[in-house]
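Asks: test case, fold it:
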Amino acid sequence: MATIAILGAGLGGVLAAYEVKAEARPGDKVVLVSKGDTYHFVPSNPWVAVKWRERAAIEVNLPPVMKRKGIEFVSTGAARVHPTENRLELSDGASLGYDYLVIATGPDLAFDEIEGLGPERFTQSICHVDHAERAAAAFETFCEAPGPIVVGAVQGASCYGPAYEFAMILDTELRRRRLRDQTPMTFVTAEPYVGHLGLDGVGDTKGLLESEMRERHIKSITNARVAKIESGKMIVEEMTEDAAVKTSHELPFKYSMMLPAFRGVAAIMGLEGLVNPRGFVLIDKHQRNPTYPNIFGIGVAVAIAPTGKTPVPVGVPKTGFMIESMVTATARNIGALLRGKEPEEQATWNAVCLADFGDEGVAFIAQPQIPPRNVNWSAHGKWVHLAKEQFEKYFLGKLRRGQSETFYEALALKVLGIAKLKETKR
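Replies: As a prediction, this is how the structure comes out:
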């Protein structure tokens with residue numbers, strides 16, 4: 001019988017544990033290796049950062065859930081993958097041997113690549129619930145003596161939706177507190193245009209997001225390279241199309257949240273044949289590593305080429321529905337290998353996303369995520385905010401009950417259903 005280890009217990013890792021368990025044979029062992037006992041729902045971090053959610057509301061204690069599913073759970077995390085030995089070196093010094101490994105670690109957050117960036121220095125983050133709680137405390141202090149705000153994503157980032165979400169959520173919360181007139185806001189992004197999202201836009205995200213920012217009086221700087229950050233000041237270089245410095249901006253701020261670039265985690269960084277120079281897992285069309293064919297990669301941990309050349313480096317996001325399709329393909333391919341067959345499943349890599357703006361929002365569907373596309377749709381309205389609240393409740397409830405129905409399958413169907421309903425009522 002085989003041991004299938006899954007490294008990482010975020011969205012991809014938890015869903016992979018469920019789906020691999022369903023594909024495994026009686027007697028096969030599925031082991032989920034996590035750093036800590038708790039899963040938290042990352043899409044809700046912007047709400048935590050303005051105290052619209054408490055941390056406990058978006059967390060799930062994993063050991064009892066996994067026990068009910070018959071999945072072994074290890075909470076020590078992994079210090080290093082040893083692919084030539086088919087072994088995980090755990091953080092407590094123990095080892096876990098595997099026949100198949102699914103790497104679902106998510107990213108390491110590269111705050112150190114820009115001077116002054118990150119919650120240990122001068123800017124906030126919403127990439128982790130710990131960061132979101134710190135951002136919430138900093139925001140309360142800021143509201144006692146408000147001033148300029150800078151929000152955005154630095155060069156090399158590959159996750160832009162949450163930056164737009166947080167800018168709009170801040171705008172909504174500050175208006176509720178009657179402080180918006182005291183808080184000039186600038187959105188700074190490596191994207192070549194507002195609404196690019198690392199995807200060269202989806203539907204009319206360019207027009208929709210530009211309109212939202214004008215309506216909310218949020219200035220923007222695109223093609224932006226953050227040179228350095230000091231206490232209360234950000235130096236931003238706006239680049240030309242040929243990557244020369246067009247203008248240098250010195251932006252004062254009393255509150256800032258900037259998303260960092262991602263890279264692979266330390267446990268896999270530098271493993272030749274397994275990861276690229278940035279530390280992301282190299283995969284083929286079956287989510288399988290070409291050098292180590294018993295290793296699969298899913299989610300943010302995998303290497304994906306950018307959609308095209310841009311003056312400032314812009315990564316490609318790995319959205320929830322895209323991650324789920326990777327999970328399903330991986331689970332089925334491992335199931336095939338366990339039964340002596342060759343992998344055949346390929347992920348669809350479609351994108352379905354809800355960007356909440358606090359009082360309304362933007363939804364988009366890209367099929368496939370990388371253009372050219374068969375479906376290229378976006379829309380906005382108050383229904384997006386309500387829909388995201390429903391999906392948060394739905395997914396966390398399912399996860400806490402140990403039910404295997406996955407979030408983004410239902411998300412896609414519900415978004416499409418809402419869109420059709422809107423069209424019908426016009």
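Asks: what helices or strands is whichever strand or helix holds residue 322 leaning on?
Replies: According to DSSP states H and E, residue 322 maps onto helix 320-338. Judged by 3 or more CB pairs under 8 Å, 6 or more residues apart in numbering; DSSP states H and E, the packing partners of helix 320-338 are helix 11-23, strand 100-103, strand 295-297, strand 351-356, helix 407-425. Using the backbone N, CA and C atoms, a C-beta is placed for each residue, glycine as well.
Asks: among these, which gets the worst mean confidence?
Replies: Lowest mean pLDDT of the helices and strands packed on helix 320-338: helix 407-425, a mean of 53.
Asks: hang on, residue 313 in a strand?
Replies: No. Residue 313 is assigned coil when assessed by DSSP: H, G, I helix; E, B strand; the rest coil, not a strand.
Asks: dump the residue contacts of it.
Replies: Neighbour list for residue 313: 155-156, 190, 261, 306 [criterion: CB atoms under 8 Å, 6 or more residues apart in numbering].
Asks: top of the residues you listed by neighbour count?
Replies: Among the contacts of residue 313, the one with the most neighbours (other CB atoms under 10 Å) is residue 190, at 28 neighbours.
Asks: relative to residue 159, how far out is it?
Replies: For residue 190, the distance to residue 159 (CB to CB, to the nearest Å) stands at 11 Å.
Asks: next one: residue 139
Replies: 20 Å.
Asks: these two: which is more packed in?
Replies: Counted by other CB under 10 Å, residue 139 and residue 159 do not tie: residue 159 has more neighbours, with 23 against 19.
Asks: helix, strand, or coil at the more buried one?
Replies: Under three-state DSSP, residue 159 falls in the coil class.
Asks: how distant is the helix or strand encompassing residue 135 from the center of its chain?
Replies: Following DSSP H and E, the helix or strand that holds residue 135 is helix 129-144. Helix 129-144 sits 20 Å away from the centroid of its parent chain (CA atoms, centre = their mean, to the nearest Å).
Asks: other SSEs contacting that helix?
Replies: Partner elements for helix 129-144 (3+ CB pairs under 8 Å, 6+ apart): helix 45-48, strand 255-259.
Asks: and the shortest one, what other elements does it pack with?
Replies: I take that to be helix 45-48. helix 129-144, helix 161-176.
Asks: the helix or strand just after the first one pairs with which strands?
Replies: Meaning helix 129-144. Next helix or strand after helix 129-144 toward the C-terminus (DSSP H and E): strand 149-153. Note on strand 149-153: by DSSP bridges, its sheet partners are strand 185-189 (parallel), strand 255-259 (parallel).
Asks: tell me what angle strand 149-153 forms with helix 161-176.
Replies: Taking axes from the mean of the first three to the mean of the last three CA atoms, to 10 degrees, one finds strand 149-153 and helix 161-176 inclined to each other by 160 degrees.
Asks: can I get strand 149-153 in CSV, CA atoms only?
Replies: Extracted in CSV, the C-alpha atoms of strand 149-153 (Å, rounded to 0.1, in the frame of the first residue of the first chain):
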residue,chain,number,x,y,z
ILE,A,149,-3.0,56.2,2.6
VAL,A,150,-1.1,54.2,0.1
VAL,A,151,-2.4,50.7,-0.9
GLY,A,152,-1.3,48.4,-3.7
ALA,A,153,1.0,45.6,-4.8
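Asks: residues making contact with it?
Replies: 159-160, 163, 166-167, 170, 183-191, 221, 224, 234, 251, 253-259.
Asks: can you give the distance of stretch 239-255 from its chain's centre?
Replies: Here the centre of stretch 239-255 is set off from its chain's centre by 26 Å, with CA atoms, centre = their mean.
Asks: residue 315 is in contact with residue 157, correct?
Replies: Yes. With contacts counted by CB atoms under 8 Å, residue 157 reaches residue 315, the gap being 6.2 Å.
Asks: ok, and the helix or strand in this protein with the lowest average confidence?
Replies: Using mean pLDDT, DSSP states H and E, helix 407-425 stands out as the lowest-scoring helix or strand of the chain, at a mean of 53.
Asks: the helices in the stretch 201-350 of the chain, which residues?
Replies: Using DSSP state H, counting those that start in this stretch, the helices of the stretch 201-350 of the chain run over residues 205-215, 320-338.
Asks: on that earlier part again, give me the mean pLDDT for the helix holding residue 322.
Replies: Summarised as a single mean, pLDDT over helix 320-338 is 93.
Asks: try stretch 46-62
Replies: Average pLDDT, stretch 46-62: 97.
Asks: same check, this time on stretch 361-381
Replies: Rounded mean pLDDT across stretch 361-381 is 86.
Asks: pull out the buried positions in it.
Replies: 361-370, 373, 376-380 (16 or more other CB atoms under 10 Å).
Asks: sorry, back to before: common neighbours of residue 157 and residue 315, please.
Replies: Contacts common to residue 157 and residue 315, judged by CB under 8 Å, 6+ apart, are 198, 261-262.
Asks: wait, which of these is closest to residue 3?
Replies: Closest approach between the shared contacts of residue 157 and residue 315 and residue 3, by CB to CB: residue 262, at 28.9 Å.
Asks: the closest residue to that closest one other than its chain neighbours: neighbour count?
Replies: Using CB to CB, 6 or more residues apart in numbering and skipping the chain neighbours, the partner closest in space to residue 262 is residue 107 (3.5 Å). Residues near residue 107, counting by other CB under 10 Å, number 23.
Asks: what do you get for residue 146?
Replies: Neighbour number of residue 146 under other CB under 10 Å is 17.
Asks: kindly report the same for residue 382.
Replies: Neighbours of residue 382 (other CB under 10 Å): 11.
Asks: kindly report the same for the one 3 residues further on.
Replies: Using other CB under 10 Å, residue 385 is surrounded by 19 other residues.
Asks: same question, residue 29
Replies: By the measure other CB under 10 Å, the count of residues near residue 29 is 16.
Asks: that one against residue 70, yeah?
Replies: No. At 9.4 Å, residue 29 and residue 70 do not qualify as touching, with contact defined as CB under 8 Å.
Asks: okay, and the common contacts of those two?
Replies: With contacts taken as CB under 8 Å, 6+ apart, residue 29 and residue 70 have no neighbour in common.
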